[in-house]
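*Asks:* Just the structure for this:
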Amino acid sequence: MKEIIELLKDRKLTKPEPILKKIMSYDPPALIELGFEIQKTLLQHDKTSGPQSNGGGFRFVASGALSGHSGCVSPLCRIKKSVSLARYAALYSDLVIVPWRLEVPENLRLLEDFRESLITAILSVIAMRPVIEAGLVTLIPSRFHFCDDCARLAYREMDRVREAVEAALTSNFGKFSARPQDARSIHLEGPQEYLEHGEVYVHYPRRPAWLPARSKAALSRAQLKKSGAVAGIFEQMATSVIFQQLCAVNMKTKLLTSLAGEAEILAKLAPQDEVSTGVARLCAALSHEIPLLSGVPLSRMVELRQEQPAAFDQYRTALSGVLAEYVEKQKPLGSISAKRVYDERIHPEVVALRRRIETHKKALLKKSVTSAVVASALVAVGIAAKLTPAELGVLGTGSLVTSLTGLLGDASEEPKDVKNHQLYFLVKLSE
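*Replies:* Reported below is the predicted structural model:
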């Protein structure tokens, strides 16, 4: 989806300050034009790329909560999610699909809200720029092109998702509570498996009839049901899972989510994907919780993948295997700490590999000291005598220097057993 980056470059919208300044200065026609131009770019890419019939185990579609299209609406929170999503794509994925769900408003009264949302969306895209340009993340419109057979399959999946989400809503409704915040809003609290941050403020355009006046008492079950707030949370999850199921039909992807509730719903729909979904969630946690990974620039991650493709594939396969062991042995998935997995299985091996490299380098440098002294002396004699390179070769200096260069070169290289290790990619990433 490099086209979206090219569009923003043409518009000089690739740095935070110009993005804020320029878009805030746009009059309504210019703002609407930019919105339609982005949509047109996405639609053209969607039509030319077509469905992907072959998908591996590392192709994902980002959930609404993870991509920032649902859940917390804070611009800062959404941009942070985009950074985490981009790092996940660089560290684990072949492809992450991110839906674009920002429609140009038909009502001009909503234009200022659109302006703010557009700024946040563009900042999020720029935060993911290295992985978008590398083809690891692609943006697509939230619509699909199906043949008749695929359409029947897709709509059957939608019905199954609706039933699973409705069952989850019914069994978990009692875990939510709410209190009036003011005359037109409530403060909703609930389990973080379903509600990001465990709370959200729900605002209404006018005071609802069911909302008690001048009361801060908790809403009754009937009032909470009338508010539609809890149902709205599950509707957002249904939207994410349905979108994933449609992508699975068209593009052979799995859901990448930060909400345990979405993962549980998906596991009920496709039990065979429970482990892969759990691995995806743990990888997402690893990508921003572990210092070794969070301290590396995104651009460097992408570069290293391109420089060391075999090492990357080996590392990813090994990591998936380690995480799958934890997912299979321990449930629920939320009880597994990404930090614990790292401390128990990954960090000790990375430390051992680093020590092995240092020991290897010291040994080779020690062996090369004598050769370095002799070669330096011979080269000095040759230069003093103004000998040609051919004459230096006759003296044996040329071959000695070549041998020395080989030794010194080897001293800067890692031993073969380290290069062939499954976590070699992490060692290089931490340098």
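*Asks:* which regions of this structure lie under the pLDDT threshold?
*Replies:* 1, 45-57, 142-155, 249-250, 270-282, 284-294, 327-338, 364-413 (pLDDT under 70).
*Asks:* quick one: contacts for the residue most central in space within it?
*Replies:* Nearest to the mean C-alpha position of the chain, counting by C-alpha atoms, centre = their mean, stands residue 85 at 2.1 Å. Contact analysis of residue 85 by C-beta atoms under 8 Å, 6 or more residues apart in numbering lists 62, 66, 67, 96, 98, 128, 137, 256. C-beta here means a position set from N, CA and C on the backbone, and glycine is covered the same way.
*Asks:* of all those residues, which two lie farthest apart?
*Replies:* Spanning the widest gap among the contacts of residue 85 are 128 and 256, at 13.7 Å by C-beta to C-beta.
*Asks:* Out of these two, name the residue with the larger neighbour count.
*Replies:* Counted by other C-beta atoms under 10 Å, residue 128 and residue 256 do not tie: residue 256 has more neighbours, with 29 against 26.
*Asks:* Pretty sure the residue nearest to the centre of the chain sits in a strand.
*Replies:* No. Looking at residue 85 with DSSP: H, G, I helix; E, B strand; the rest coil, it is helix, so not inside a strand.
*Asks:* how close does it get to residue 124?
*Replies:* Using C-beta to C-beta, to the nearest Å, we find residue 85 at a distance of 9 Å from residue 124.
*Asks:* Equivalent analysis for residue 63, please.
*Replies:* 15 Å.
*Asks:* Of those two, which one has the most company?
*Replies:* A direct count of neighbours by other C-beta under 10 Å for residue 63 and residue 124 places residue 63 higher, at 27 against 23.
*Asks:* re earlier: closest to residue 35 among the contacts of residue 85?
*Replies:* Nearest to residue 35 among those, with distances taken as C-beta to C-beta, is residue 98, at 17.3 Å.
*Asks:* And the contacts of the helix or strand hosting that closest one?
*Replies:* According to DSSP states H and E, residue 98 maps onto strand 95-100. Residues from elsewhere that reach strand 95-100 (C-beta under 8 Å, 6+ apart): 38-39, 42, 58-62, 64, 67, 69, 85, 88-89, 121, 128, 131, 135-142, 243, 247, 251, 253, 256.
*Asks:* What strands flank it, and is each parallel or antiparallel?
*Replies:* With DSSP bridges as the test, strand 95-100 is paired with strand 59-62 (parallel), strand 137-141 (parallel).
*Asks:* nearest to residue 7, of these?
*Replies:* With C-beta to C-beta as the yardstick, what comes closest out of the strands paired with strand 95-100 is strand 137-141 (11.1 Å).
*Asks:* Excluding chain neighbours, what is closest to residue 14?
*Replies:* residue 8 (5.5 Å; C-beta to C-beta, 6 or more residues apart in numbering).
*Asks:* And residue 358, how far from residue 254?
*Replies:* Between residue 358 and residue 254 the distance is 39 Å, computed by C-beta to C-beta.
*Asks:* Between the two, which is the more surrounded one?
*Replies:* Neighbours per residue, other C-beta under 10 Å: of residue 358 and residue 254, the larger number sits with residue 254, 21 against 10.
*Asks:* quick one on the thing from earlier: separation between the residue nearest to residue 14 and residue 76?
*Replies:* 20 Å.
*Asks:* Residue 204 too?
*Replies:* Residue 204 sits 24 Å away from residue 76, going by C-beta to C-beta.
*Asks:* quick one, which of the two is more surrounded?
*Replies:* Between residue 204 and residue 76, counted using other C-beta under 10 Å, the more crowded position is residue 204 (14 against 10).
*Asks:* Spatially nearest residue to the more buried one, not counting backbone neighbours?
*Replies:* Distances taken as C-beta to C-beta, 6+ apart put residue 184 closest to residue 204, at 5.0 Å, once the chain neighbours are dropped.
*Asks:* Same question for residue 13.
*Replies:* In this structure, residue 13 finds its nearest non-sequential neighbour in residue 19, 5.0 Å apart by C-beta to C-beta, 6+ apart.
*Asks:* Tell me the buried residues in the helix or strand where that neighbour lies?
*Replies:* Using DSSP H and E, residue 19 falls within helix 16-25. For helix 16-25, a neighbour-count test (16 or more other C-beta atoms under 10 Å) marks 19, 22, 23 as buried.
*Asks:* ok so, going back, nearest to residue 168, out of the strands paired with strand 95-100?
*Replies:* Among those, the nearest to residue 168 by C-beta to C-beta is strand 59-62 (19.7 Å).
*Asks:* Now do the helices in the stretch 1-150 of the chain.
*Replies:* Secondary structure of the stretch 1-150 of the chain (DSSP state H, counting those that start in this stretch): helices at 2-10, 16-25, 28-49, 64-67, 75-92, 111-127, 129-133, 148-172.
*Asks:* relative to helix 111-127, how tilted is the second one?
*Replies:* Going back to what we said before, that points to helix 16-25. For helix 16-25 against helix 111-127, the angle by axes from the mean of the first three to the mean of the last three C-alpha atoms, to 10 degrees is 160 degrees.
*Asks:* From the contact counts, what lies against helix 16-25?
*Replies:* Other elements packing on helix 16-25 under the criterion 3 or more C-beta pairs under 8 Å, 6 or more residues apart in numbering; DSSP states H and E are helix 111-127.
*Asks:* go on, the third one?
*Replies:* With contacts defined as 3+ C-beta pairs under 8 Å, 6+ apart, helix 28-49 has these neighbours: helix 2-10, strand 95-100, helix 111-127, strand 137-141.
*Asks:* what is the orientation angle of that helix with helix 16-25?
*Replies:* 120 degrees.
*Asks:* Name the surrounding residues that touch helix 28-49.
*Replies:* Applying C-beta under 8 Å, 6+ apart, the contact partners of helix 28-49 are 1, 3-4, 7, 11, 23, 26, 100, 102-104, 108, 111, 114-115, 118, 138-141, 143, 145.
*Asks:* Buried ones among those residues?
*Replies:* Buried by 16+ other C-beta under 10 Å: 1, 3-4, 7, 11, 23, 100, 102, 104, 111, 114-115, 118, 138-141, out of the contacts of helix 28-49.
*Asks:* just checking, residue 246 touches residue 157?
*Replies:* Yes. In this structure, residue 246 is within contact of residue 157 by C-beta atoms under 8 Å, at 7.3 Å.
*Asks:* So which of those two has more stuff around it?
*Replies:* Between residue 246 and residue 157, counted using other C-beta under 10 Å, residue 246 has the larger neighbour count: 24 against 19.
*Asks:* and the helix or strand containing that one, which residues are buried?
*Replies:* For residue 246, the host element (DSSP H and E) is helix 229-251. Of the residues in helix 229-251, 229-231, 233-234, 236-251 count as buried by neighbour count, 16+ other C-beta under 10 Å.
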